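Asks: Sequence and predicted structure below; questions after.
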Amino acid sequence: MKIKCYDCGKESLETTYGNPCECGGLLEIVHDFSEADADKLKYVFQRRLSERMSTYASGVWRYKELIYPELAEEHIVTKREGNTGLYGSELIRQWLGIRTLWLKAQSENPSGSFKDNGMTVAISHGRSLGYKRFTCTSTGNTSSSLAMYAALAGCESVVLVPSEQVSANKVLQTMAYGAKVIEFDGTYDDGIRFYEQFGVELGLYICNSMNPFRIEGQKSIVFEIAQSLNWELPDWILIPGGALSNVTALGKGLLDLHSLGLIDRIPRVALIQAEGASPFHEMMIHGRRELIPVNRPSTIASAMNIGHPPSWRKAREFLKEHKGVTCSVTDEEIMEAKVLIDRSGIGCEPASASTLAGLRKLMAGGTISKDESAVCILTGNLLKDTDVLRKHHFGGGPGQADPHRVAIARLSLETVMSRL
Ligand SMILES: Cc1ncc(COP(=O)(O)O)c(C=O)c1O
Ligand SMILES: N[C@@H](CCOP(=O)(O)O)C(=O)O
């Protein structure tokens, strides 16, 4: 395994972790899988499914050989993350009119989002280097995950969080795990710029997704999907896009599986952004060579409220080379899809629902056919954003909007029966 700059190709030391290369490019982990044996790997991954207590009970560390083979087990900080459900929903399938649909509920992770898949690897790496203080900037999920693993490892965390357009639940979750939260005026993009400028001087271990160990861990999401489907992936995988670490990891994971011979075809990937924060989609549909940042991104899907995604070059390369597509959806479309996902019993936060909204749009536009199969990756938990839920279900005030809520003056069998 080596660490290389994606842009200038220079090889880096392991201690450069969460900072960009001197040239400003993103670092990337390059594995040598030339000795790997696909059948043996399949056998090992299958056997580990029955693990309950060991490190390999984790849905991330089950694939250690493809993620971070060199790391000594004693350094691993795990909460048996991953192992999330892959569900079908007849309600949603019929709403779309598609042949086959699965929903991958990353919301079932220990801190409630897909961030745990990458964070367990980043924190373990940082700990192996002797770090005791970890940091990130975040719209709330990265910080919750970071704070949880840092606490688990007996370490400290300090996080930079925009003072507006983030979910209070996520900030509270982060604080509850013991992180020092520094609020600032600005967006996630300003936080990233701060680390680009001062990351090295700070001397803390940075866990944002420019950290290549995060990307390695996040690859396990598609490894799990592939293993659950007996190494036969669907025609399409839909994923939400903000900073674009998710799609970058998905692409890298798919290429790993393909080069190892664990899958024989790479499915098409659809990257979905929220209309108010869609600089990547805009670049792709207009065929621009450079991304034009959005200075004031704004969407109800606060997890994707990002105007200058750090991983855009990597994301573009994968999507271009493997017939990927992009799409943007409005906040209304996101909420319509979210209500359905919640009602299906699976549930998710707004950002995740963009995948289903995007699938519907791409079907309506003829890009995806009803005879194809798809997986939507649901990245975060329903309870991650109760402000949005409150607004939707309470509308103008408690009890007013949702037809499932009725008020009765006195609790008696007659009054309850009269409302049934
Ligand atoms: C719940 C959720 N969904 C989607 C995203 C977007 O993923 P990415 O920023 O990796 O593109 C994020 C933020 O990263 C998120 O927290
Ligand atoms: N939604 C994210 C924003 C992207 O963060 P990163 O982990 O990709 O750097 C968050 O929860 O902060």
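Replies: In hand now; what should we look at? Ligands and ions are numbered 1, 2, ... in the order given.
Asks: Tell me the confidence at Leu103?
Replies: With respect to pLDDT, Leu103 has a value of 98.
Asks: What residues does it make contact with?
Replies: For Leu103, the contact set (Cβ atoms under 8 Å, 6 or more residues apart in numbering) comprises Leu86, Tyr87, Gly88, Ser89, Ile92, Ile341, Ser344, Ile346, Leu356, Val375, Cys376, Leu378. All C-beta atoms are positioned from the backbone trio N, CA, C, and that covers glycine.
Asks: In CSV, list those residues along with distance to Lys79, neighbour count and secondary structure.
Replies: Shown next, in CSV, are the contacts of Leu103 (distance: Cβ to Cβ, whole Å; neighbours: other Cβ atoms under 10 Å; DSSP: H, G, I helix; E, B strand; the rest coil):
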residue, distance to Lys79, neighbour count, secondary structure
Leu86, 20, 14, strand
Tyr87, 22, 15, strand
Gly88, 27, 13, coil
Ser89, 27, 19, coil
Ile92, 29, 22, helix
Ile341, 25, 26, helix
Ser344, 26, 19, coil
Ile346, 21, 23, coil
Leu356, 28, 30, helix
Val375, 24, 25, strand
Cys376, 25, 31, strand
Leu378, 19, 32, strand
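Asks: As TSV, those with distance to Lys42 and pLDDT would be great.
Replies: Formatted as TSV, the contacts of Leu103 follow (distance: Cβ to Cβ, whole Å; pLDDT from 0 to 100):
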residue	distance to Lys42	pLDDT
Leu86	18	98
Tyr87	24	98
Gly88	24	97
Ser89	29	97
Ile92	30	98
Ile341	32	98
Ser344	31	98
Ile346	28	98
Leu356	31	98
Val375	20	98
Cys376	25	98
Leu378	26	98
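Asks: Among these, which one lies nearest to Asp190?
Replies: Leu378 (28.1 Å; Cβ to Cβ).
Asks: Touching, the closest one and Ala351? I think so.
Replies: No. If you go by Cβ atoms under 8 Å, Leu378 and Ala351 don't touch, sitting 9.2 Å apart.
Asks: Quickly note the distance from the residue lying closest to Leu26 once chain neighbours are set aside to Arg316.
Replies: In space, and not counting its chain neighbours, Leu26 is closest to Tyr6: 4.8 Å by Cβ to Cβ, 6 or more residues apart in numbering. Using Cβ to Cβ, to the nearest Å, we find Tyr6 at a distance of 12 Å from Arg316.
Asks: and Cys327, which of the three is it?
Replies: strand (DSSP: H, G, I helix; E, B strand; the rest coil).
Asks: what's the burial count for it?
Replies: The tally of other residues near Cys327 (other Cβ atoms under 10 Å) stands at 25.
Asks: just Val416 next, same as before
Replies: Neighbour tally, Val416, other Cβ under 10 Å: 12.
Asks: Contacts only, for it.
Replies: Contacts of Val416 by Cβ under 8 Å, 6+ apart are Ile408.
Asks: what do you get if the cut-off is 10 Å, keeping everything else the same?
Replies: Counting by Cβ atoms under 10 Å, 6 or more residues apart in numbering, Val416 makes contact with Val406, Ile408, Arg410.
Asks: Please apply the same query to Ala274.
Replies: When contacts are counted by Cβ under 10 Å, 6+ apart, Ala274 is found next to 240-242, 281, 297-306, 328-331, 333-334, 350-351, 354, 357-358.
Asks: filter those down to the ones close to ligand 1.
Replies: Near ligand 1, judged by Cβ under 6 Å from any ligand atom, the entries from the contacts of Ala274 are Pro240, Gly241, Gly242, Ala303, Met304, Ala351.
Asks: Would you reformat the residues you listed as TSV and include pLDDT?
Replies: Formatted as TSV, the ones next to ligand 1 among the contacts of Ala274 follow (pLDDT from 0 to 100):
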residue	pLDDT
Pro240	98
Gly241	98
Gly242	98
Ala303	97
Met304	97
Ala351	98
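Asks: Which members of the residues you listed are positioned in helices?
Replies: Judged by DSSP state H, the ones next to ligand 1 among the contacts of Ala274 include Ala351 as members of helices.
Asks: any chance of the ones next to ligand 1 among the contacts of Ala274 in CSV, plus distance to Ile98?
Replies: Below are the ones next to ligand 1 among the contacts of Ala274 laid out as CSV (distance: Cβ to Cβ, whole Å):
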residue, distance to Ile98
Pro240, 18
Gly241, 21
Gly242, 25
Ala303, 25
Met304, 24
Ala351, 21
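Asks: follow-up on the earlier one: so which one among the contacts of Val416 has the lowest pLDDT?
Replies: Per-residue pLDDT puts Val406 lowest of the contacts of Val416, at 80.
Asks: For the nearest residue to it once chain neighbours are set aside, give me its contacts.
Replies: Spatially, and ignoring its direct neighbours in sequence, Val406 is nearest to Arg419 (5.0 Å; Cβ to Cβ, 6+ apart). Counting by Cβ under 10 Å, 6+ apart, Arg419 touches Val406, Ala407, Ile408.
Asks: quick one: which of the residues you listed is nearest to ligand 1?
Replies: Nearest to ligand 1 among the contacts of Arg419 is Val406, at 32.4 Å by Cβ to the nearest ligand atom.
Asks: Val158: how many residues sit nearby?
Replies: With other Cβ under 10 Å as criterion, Val158 counts 18.
Asks: In which helix or strand does it reside?
Replies: strand 156-162 (DSSP states H and E).
Asks: name the helices or strands packed onto that strand?
Replies: strand 133-137, helix 141-152, helix 168-176, strand 180-184, helix 188-202 (3 or more Cβ pairs under 10 Å, 6 or more residues apart in numbering; DSSP states H and E).
Asks: Sketch out the low-pLDDT regions of the chain for me.
Replies: For the chain, the stretches flagged by pLDDT under 70 are 14-17, 396-403.
Asks: Residue numbers of it in contact with ligand 1?
Replies: 113, 141, 209, 240-246, 303-304, 349, 351-352, 379-380.
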